[in-house]
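*Asks:* what's the 3D shape of this:
(one chain, ligands or ions: 2)
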Amino acid sequence: VEFFTSTDKISQLFNEEDFLLKTFSLYIDAEEENIKLMKRLLLLLQLGSYLDPVDPEKIKDPVAAYKLLRRVRAEWINIVDYTQLSLYQLYQTVLTYAQIPQLEDLDGAASGLIRLQEIYKLYPHNITKEMALNADEAYHVGLVAYNEDKFQHAFLWFLYSLDRLTQYSVTTKQQLLRHLSLSSYQFGNLPMAIYFGQQLLNLDPTNDDIKVLLDLYRRLRFQRTSNPDILRLSNESSKYETLCRGEVDERTSKRQRALSCRYSTGGGNPRLMYSPVKEEVEWDEPRIIRYHDIISDREIEILKNISRPLLSRSLTTAGVSKYRTSQGVFLEEDNIVVARISQRIADITGLSKESAENLFVQNYGIGGRYEPHYDELDNENGRIATFLIYMSDVEIGGATVFPEVGVELKPKKGSAVFWYNLHKNGSVDLNTKHAGCPVLRGNKWVANKWIHVFGQEFRRPCSLSNWE
Ligand SMILES: O=C(O)CCC(=O)C(=O)O
Ligand SMILES: [Fe+2]
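*Replies:* Ligands and ions are numbered 1, 2, ... in the order given. Reported below is the predicted structural model:
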């Protein structure tokens, strides 16, 4: 199993930890009992040989020889039996079946933290406000950043680690100074690289490796003029990142607020006549509609419960990808709640559910996100429309954003958003590029319904115009 891409999976680790510690304690008790039994056996064997001695002098006597053979064999069988009683083997099997985070999980989780820092412009001391990392943990996050060529973040984590170094840390000051020097150099800040290199050399004057590096850095320093500030994170960011931070353009937010709200019966659909849905236009072009309260908390709990044991890493068209860090599952329609939701989506949108995909339930992980993409699949029966249900609120982060038009949609439990990915003429609406922002705090659950082209001919008539 993979843990870091699903906060729901991570919370299962509490049970796993409890199980590990309890079974370990039981195992020790059982082994202790076993040792007691073995000590008793030893005593009995010693007693037996004392009470029925065989005189070495008398070994010529066939009866004495027989007795000795018989006794040693009996002792051996007893000892083998008792020592094989050891529960060690059995406990090993229990341990093999335990679900423990892999090394990839630790690196993935660290990578998620770094991604959060990048998007939300956080320093190590900002992101660890409520929960501090110790020197060893911070060193690990720094190494992951370093391996991802994110040298500034790596440097800041190494510095944070150096500051928290104690006598209990496994990480050494030498390791940190070396990495501080290396990451400064990689980032292009030579004075800092020289400073930390010199610090290391003072501490460890026989370190030839750092002498060579220092020589190089000092020579380079005369050739290089630029000296980027490694202590301050740059404010540069893409439209996607700005939107994720909630920095919506004032004009956009005005335009968004001016849009209308109404009750809809899905064009007179009998199933909606007596319980019309609350519909809010979130954006006009592309038309993005929010439907409020279209799924109950109870239905959400049921969907989560059937999904939980089936979740696995969500793929992109390129397979497993760091651009999409969540776990998901397509739910079969044989469940009555799943079928009911599908019917409701068809009623609300007026689109046929025949060529739609099964409902795709997703839970995001540490820094979980889906970077800007089009839902449209490149074929003639592509995803004409997307119906995205929010199954949770998210404390911080996790919005769905449209960078081309500057729209930010905040998750609101029980609501859904809907848009057409294709123009009426069948071409892709390039403004529907969207992303799921990294979850900074909280659990994000969503469910997607992708509706396809075939079957919508009479429901959404196509158009030959090239702008519709
Ligand atoms: O989670 C989100 O907000 C967006 C998800 C999405 O775009 C997708 O799964 O295709
Ligand atoms: Fe999408």
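
*Asks:* Could you tell me which residues of the stretch 151-300 of the chain lie near ligand 1?
*Replies:* Neighbours of ligand 1 within the stretch 151-300 of the chain, by C-beta under 6 Å from any ligand atom: none found. Where C-beta positions appear, they are placed from N, C-alpha and C, glycine not excepted.

*Asks:* Residue of the stretch 151-300 of the chain nearest ligand 1, please.
*Replies:* C244 (10.6 Å; C-beta to the nearest ligand atom).

*Asks:* which residue sits closest to that residue in space, ignoring its chain neighbours?
*Replies:* C437 (3.6 Å; C-beta to C-beta, 6 or more residues apart in numbering).

*Asks:* For the one you found, give me its contacts.
*Replies:* Residues in contact with C437 (C-beta atoms under 8 Å, 6 or more residues apart in numbering) are 119, 243-244, 369, 397-401.

*Asks:* neighbours around the residue of the stretch 151-300 of the chain closest to ligand 1, how many?
*Replies:* By other C-beta atoms under 10 Å, the residues close to C244 number 25.

*Asks:* can you check T349 too?
*Replies:* 24.

*Asks:* Over to M38?
*Replies:* That count, for M38 with other C-beta under 10 Å as the rule, works out to 16.

*Asks:* Repeat that for Q327.
*Replies:* 26.

*Asks:* Wait, it touches N363, no?
*Replies:* Yes. With contact defined as C-beta atoms under 8 Å, Q327 counts as touching N363 (5.6 Å).

*Asks:* list residues touching both of those two?
*Replies:* The contact lists of Q327 and N363 share 6, 8-9, 311, where a contact means C-beta under 8 Å, 6+ apart.

*Asks:* circling back to that earlier point, any idea how far the residue nearest to C244 lies from L47?
*Replies:* According to C-beta to C-beta, to the nearest Å, C437 and L47 sit 75 Å apart.

*Asks:* Please name the residues that touch L220.
*Replies:* L190.

*Asks:* From T316, how far off is the residue of the stretch 251-400 of the chain found nearest ligand 1?
*Replies:* Residue of the stretch 251-400 of the chain nearest ligand 1, by C-beta to the nearest ligand atom: T400 (3.4 Å). Computed as C-beta to C-beta, the T400 to T316 distance reads 16 Å.

*Asks:* ok, those two, which is more surrounded?
*Replies:* T400 (23 against 13).

*Asks:* And the closest residue to the more buried one other than its chain neighbours, its phi and psi?
*Replies:* Of all residues not flanking T400 in the chain, L409 sits nearest, at 4.4 Å (C-beta to C-beta, 6+ apart). L409 adopts backbone torsions of phi -110, psi 120, taken as degrees, to the nearest 10.

*Asks:* Number the residues from 362 up from this point.
*Replies:* In the new count, where the first residue is 362, that last one comes out as L770.

*Asks:* what number of residues lie near L770?
*Replies:* Neighbour number of L770 under other C-beta under 10 Å is 21.

*Asks:* on contacts alone, who are the packing partners of the helix or strand containing D442?
*Replies:* Element membership for D442 (DSSP states H and E) is helix 423-445. Contacts defined by 3 or more C-beta pairs under 8 Å, 6 or more residues apart in numbering; DSSP states H and E place helix 423-445 against helix 374-412.

*Asks:* Return the set of buried residues in the helix it packs on.
*Replies:* For helix 374-412, a neighbour-count test (16 or more other C-beta atoms under 10 Å) marks 388, 395, 399, 402 as buried.

*Asks:* now the angle between helix 374-412 and the helix holding D442, please.
*Replies:* 170 degrees (axes from the mean of the first three to the mean of the last three C-alpha atoms, to 10 degrees).

*Asks:* which bits of the stretch 662-811 of the chain sit near ligand 1?
*Replies:* So far as C-beta under 6 Å from any ligand atom goes, the stretch 662-811 of the chain lies against ligand 1 at 731, 736, 761, 795, 797, 807, 809.

*Asks:* beta partners of whichever residue of the chain sits closest to ligand 1?
*Replies:* Closest to ligand 1 within the chain is G797: 3.0 Å, counting by C-beta to the nearest ligand atom. With DSSP bridges applied, G797 shows beta-bridge pairing to Y731, T761.

*Asks:* and it, what does it touch?
*Replies:* For G797, counting by C-beta under 8 Å, 6+ apart, the contacting residues are 687, 725, 729-731, 759-761, 805, 807.

*Asks:* D754 is in contact with G775, isn't it?
*Replies:* No. Assessed by C-beta under 8 Å, D754 is found out of contact with G775, at 9.2 Å.

*Asks:* which residues of this structure score low on pLDDT?
*Replies:* Applying pLDDT under 70 to the chain flags the ranges 819, 822-829.

*Asks:* let's see it at 80
*Replies:* 446-449, 585-586, 610-612, 618-619, 621, 628, 634-636, 738-741, 816, 818-829 (pLDDT under 80).

*Asks:* Using the three-state scheme, assign the nearest residue to T368 once chain neighbours are set aside.
*Replies:* Nearest residue to T368 in three dimensions, chain neighbours excluded: N804, at 4.7 Å (C-beta to C-beta, 6+ apart). Here N804 is recorded as coil under DSSP: H, G, I helix; E, B strand; the rest coil.

*Asks:* so what's N804 up against?
*Replies:* When the contact criterion is C-beta under 8 Å, 6+ apart, the partners of N804 are 368-369, 724-725, 753, 755.

*Asks:* Can you show me the CA trace of stretch 524-539 as PDB?
*Replies:* The C-alpha trace of stretch 524-539 is given here as PDB (Å, rounded to 0.1, in the frame of the first residue of the first chain):
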ATOM      1  CA  ASP A 524      19.300  25.200  14.500                       C
ATOM      2  CA  ARG A 525      17.600  22.200  16.100                       C
ATOM      3  CA  LEU A 526      20.600  19.900  16.400                       C
ATOM      4  CA  THR A 527      20.800  18.300  19.900                       C
ATOM      5  CA  GLN A 528      23.000  15.600  21.500                       C
ATOM      6  CA  TYR A 529      20.200  13.100  20.600                       C
ATOM      7  CA  SER A 530      20.300  13.900  16.800                       C
ATOM      8  CA  VAL A 531      21.600  11.200  14.500                       C
ATOM      9  CA  THR A 532      22.400  13.900  11.900                       C
ATOM     10  CA  THR A 533      25.800  15.500  12.400                       C
ATOM     11  CA  LYS A 534      26.900  19.100  12.200                       C
ATOM     12  CA  GLN A 535      29.400  18.000   9.600                       C
ATOM     13  CA  GLN A 536      26.700  16.600   7.300                       C
ATOM     14  CA  LEU A 537      24.600  19.700   7.700                       C
ATOM     15  CA  LEU A 538      27.500  22.100   7.000                       C
ATOM     16  CA  ARG A 539      28.500  20.100   3.900                       C
END
